[in-house]
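Participant: sequence first, predicted model second:
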Amino acid sequence: MIGEPLAFGGFKKKDSKYKVLGFPLEVTTTFREGTKWAPYEIRKASTYIEFRSSLTDLDVDEIGFDDLGDCVTVSGDLRKSLEILENVIRSIEGIPIILGGEHSLSYAAVKALKPDCLLVLDAHMDLRDECLGQKWSHATWLRRLTEEVETRVMIIGARAYVREEVEYAKEKKIKIITQPSLVPESVSECSSVYLSLDMDFFDPTFAPGVSNPEPGGYSFNDYLVVLQSLYRTELVGMDVVELSPPYDHSGTTAVLAARAIIEAVAANEL
Ligand SMILES: [Mn+2]
């Protein structure tokens, strides 16, 4: 690995179907900035941890990853950046694993991959019509997406939202799941799933380095319970978003992000 460019787990295994793509998107962050530095920090953390899955006991380093590097973003232009990402994802053969970046990027990924279901792990619903006067934002991307596509949406972890979002969720039949153990049953109805992990799904105790921390979150073990939902469906892509390295003083949020990817791949492989 020494002398090689940084890659997820040190992997540039061309024949792995798991295609890691960094997308250092940061245009609309409203609180704690720094998400654009996350792809680098997640890759760095990933080179120092074990790749054995504690959920499945699989050795994920035997499966490996194909790290494609970072996709270009257009500084200050969210819509253009999303257009680029959507096109890049369409061109990838395999299962893209996107290292964000702000949460808006999931809009482009889901549009490109057209999963039957979208499973969002997030403290927030991101269903506002506008955030601070902006129609396109990390806090509105899921509203824009559900206005355009028919994908079934399930959210687990939501604990900070406004009435407008709850009403919209009801209108659009977006499923708000309140217990990790209830996720596998809901997802078992899906023929394919895209997993979007906002790191603020976790409690700030476990994941302090995020843009919008919210108390009352979940643990890594809860996340493993959620992942059991991948046993009986096909994962078509995932992202890990909203990690903000300048607030990740211990570096443990980046480790958690890397571990979260390893476990998701293991759950999909089982
Ligand atoms: Mn969030």
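Facilitator: On my side now, so go ahead.

Participant: buried residues, stretch 177-194. List them.
Facilitator: Residues of stretch 177-194 classed as buried under the neighbour-count rule (16 or more other CB atoms under 10 Å) are 177, 180, 182-184, 186-187, 190, 193-194. Where C-beta positions appear, they are placed from N, C-alpha and C, glycine not excepted.

Participant: let me know the closest of those residues to the ion.
Facilitator: The shortest separation between the ion and any of the buried residues of stretch 177-194 is 15.5 Å, and it belongs to Ile177 (by CB to the ion).

Participant: who does the closest one bridge with?
Facilitator: Ile177 forms beta bridges with Ile156, as assigned by DSSP bridges.

Participant: then Lys12?
Facilitator: Using DSSP bridges, the bridge partners assigned to Lys12 are Asp66.

Participant: surely it and Gly69 touch.
Facilitator: No. Using CB atoms under 8 Å, Lys12 is not in contact with Gly69; the gap is 9.0 Å.

Participant: more neighbours: these two, which one.
Facilitator: Neighbour count, other CB atoms under 10 Å: between Lys12 and Gly69, Lys12 has more, with 17 against 13.

Participant: who are the contact partners of that one?
Facilitator: Each residue near Lys12 by CB atoms under 8 Å, 6 or more residues apart in numbering is listed here: 4, 66-67.

Participant: picking up where we left off before, narrow the buried residues of stretch 177-194 to those in helices?
Facilitator: In this view, those that belong to helices under DSSP state H are 183-184, 186-187.

Participant: what's the most distant pair in the residues you listed?
Facilitator: Pro184 and Ser186 (7.4 Å; CB to CB).

Participant: between these two, which contacts overlap?
Facilitator: Between them, Pro184 and Ser186 share the contacting residues Ser229, judged by CB under 8 Å, 6+ apart.

Participant: straight-line length of stretch 27-41, end to end?
Facilitator: Between the start and the finish of stretch 27-41 there is a gap of 19 Å, counting by CA to CA, to the nearest Å.

Participant: pull out the buried positions in it.
Facilitator: With burial defined by 16+ other CB under 10 Å, the residues of stretch 27-41 counted as buried are 27-29, 34-41.
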